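Trainee: how does the following fold in three dimensions:
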Amino acid sequence: MKKIDSFWDSSALVPLCANQSSSLLARTALKSKSVTVWWGTPVEMTAALCRLLRDGHLSRRQFESAMNRLEALRQGWVEVAPTERLRRLAETLLERHALRAADALQLAAALVWSGERPRQRQFVCLDRRLAEAAGKEGFQVATL
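Mentor: Here you go, the predicted structure:
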């Protein structure tokens, strides 16, 4: 079975590392999709996992397991590197959509990945605002 090329936002990847309500859906979706991410995704995911640990949603042992899963995921995904073009796209996206800076970088990376032709390209995301912006840019949004 050929995997569907897809761009994954951190919000959709965190449930693959830490047990959450959307973890089963994320694991099921991962089986049929190849994963491309933004270069900063590991930092965003580490921040999210650290926040879950600090807030008591993960034990130290669960956190260490989640970090190991993150490392395993990194071995199989493709990263879109930071470039001047990507930064300019992110700045433009901030003018068009109500996004946070990191979300604009995520969406800009997806646009770079798609050659700025997002039609028929899948964007996997759990963040409502980012998913809406990705849809307006022309991506097929999968929200798990």
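
Trainee: now the phi/psi pair for V124, please.
Mentor: Phi and psi for V124, reported as degrees, to the nearest 10, are phi -100, psi 120.

Trainee: in contact with it, which residues?
Mentor: The neighbours of V124, taking CB atoms under 8 Å, 6 or more residues apart in numbering as the test, are 6-9, 12, 29, 33, 141-144. All C-beta spots, glycine's among them, are computed from the backbone N, C-alpha and C.

Trainee: what's the distance between it and E84?
Mentor: Spatial separation of V124 from E84 under the definition CB to CB, to the nearest Å is 26 Å.

Trainee: same question for R100.
Mentor: Between R100 and E84 the distance is 21 Å, computed by CB to CB.

Trainee: looking at those two now, which is surrounded by more residues?
Mentor: Neighbour count, other CB atoms under 10 Å: between R100 and E84, R100 has more, with 12 against 7.
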